[in-house]
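In: Curious how this folds, go ahead:
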Amino acid sequence: MKFAPQLGNSQGYGQAIVGGEVNSDHVERFYRNTYPLNTRHPRLLPKLPPSLRYTFSSISIYLSYFSFYSALKKCLCVF
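Out: Purely as a prediction, here's the structure:
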């Protein structure tokens, strides 16, 4: 499969079991880390359609700004 998760990496498209011991559902899901940058694995990005690639890039940029300004706000509120 083109987007299948690799061993030891949960990012990609594939099956997951959701639920407890009694009630469990098998779902197809696409999982992709966007932030922090050190948890991203870029192997999927070139394979994605351009519009989805752009969306992931936009979300990553937004989250990086959001986390930076949240941390800055916490630092400034201390003084």
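
In: okay, CA-based contacts and neighbour counts for the rest of this
Out: OK.

In: where are the low-confidence patches of this structure?
Out: 1-45, 78-79 (pLDDT under 70).

In: How much space separates Pro49 from Ile61?
Out: Taking Cα to Cα, to the nearest Å as the measure, Pro49 and Ile61 are separated by 19 Å.

In: out of these two, which sits in the busier spot?
Out: Ile61 (13 against 9; other Cα atoms under 10 Å).

In: any idea how far that one lies from Leu76?
Out: 23 Å.

In: Phe68 now?
Out: 12 Å.

In: Could you do Phe66 as well?
Out: Using Cα to Cα, one gets 15 Å for the distance from Phe66 to Leu76.

In: For the two, indicate the residue with more neighbours.
Out: Regarding Phe66 and Leu76, a neighbour count based on other Cα under 10 Å identifies Phe66 as having more, with 12 against 9.

In: and that one, how far is that from Pro46?
Out: From Phe66 over to Pro46 the distance is 25 Å, taken as Cα to Cα.

In: How about Cys75?
Out: Distance from Cys75 to Pro46, by Cα to Cα: 37 Å.
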